[in-house]
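Colleague: Generate coordinates for the sequence data below:
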Amino acid sequence: MPNTTVPLLVSRRLLTAFITWCYLWGTVAGIAVLTYPPRTYIGTDLIITVAWGVILLASSTIAVIGVLTRRYALEWAACYAIAAGIALYAYLSWGSVPGSLGSIPRAAILTGLIGVPLARGTSLAIEDYMARTAKIARRGGRAASERDANG
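Modeller: Purely as a prediction, here's the structure:
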């Protein structure tokens, strides 16, 4: 019988490396915007820029730690903050559109990109819930939602 677990382990390792790599780029973006804030933003826009830089730096770093330590609750919680950081940057990008229609592609890509960490975070949250429910069931108990539904 062929060993089918080896390709699965390799693909999990590659997926983990890829996810970590993506979060690291979020960390780099946060560091870059805090170190070299765009000169085009002043006043409130500069405050929003610093805010999304801090959010992206902190949440991406937490997500990396979550992936590397296999603490997926850290990662899924960080995903929602990453989405918020990207949303702030998208907001700023859409604000640039009236002055430069060339900003539309960046703003559109960022708006679509908000869904990626939201989907990842939600997927991990569902997996976490299912694992907790299965653990409770193995112990002979019922999940809280099941108790609530059945009285």
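
Colleague: if I look at I114, how far off is T49?
Modeller: Distance, I114 to T49, by CB to CB, to the nearest Å: 17 Å. All C-beta atoms are positioned from the backbone trio N, CA, C, and that covers glycine.

Colleague: between these two, who's got more neighbours?
Modeller: Higher neighbour count among I114 and T49: T49, with 20 against 17, using other CB atoms under 10 Å.

Colleague: And the contacts of the helix or strand harbouring that one?
Modeller: For T49, the element it lies in under DSSP states H and E is helix 44-68. Applying CB atoms under 8 Å, 6 or more residues apart in numbering, the contact partners of helix 44-68 are 16, 19-20, 23-27, 29-34, 37-38, 41, 71-79, 81-82, 84-86, 88-89, 91-92, 95.

Colleague: change it to 7 Å
Modeller: For helix 44-68, the surrounding residues in contact (CB atoms under 7 Å, 6 or more residues apart in numbering) are 16, 19-20, 23-24, 26-27, 29-31, 33-34, 37-38, 41, 72, 74-75, 78-79, 81-82, 84-85, 88-89, 91-92, 95.

Colleague: Keep only those of these that are in helices.
Modeller: 16, 19-20, 23-24, 26-27, 29-31, 33-34, 72, 74-75, 78-79, 81-82, 84-85, 88-89, 91-92, 95 (DSSP state H).

Colleague: Of those, keep whichever come out buried.
Modeller: Buried subset of the ones in helices among the contacts of helix 44-68 (neighbour count, 16 or more other CB atoms under 10 Å): 19-20, 23, 26-27, 29-30, 33, 72, 74-75, 78-79, 81-82, 84-85, 88-89, 92.

Colleague: Provide a list of residues in contact with the closest residue to A87 other than its chain neighbours.
Modeller: Spatial nearest neighbour of A87, chain neighbours left out: I114 (5.3 Å); criterion: CB to CB, 6 or more residues apart in numbering. Applying CB under 7 Å, 6+ apart to I114 gives the contacts 83, 86-87, 90.
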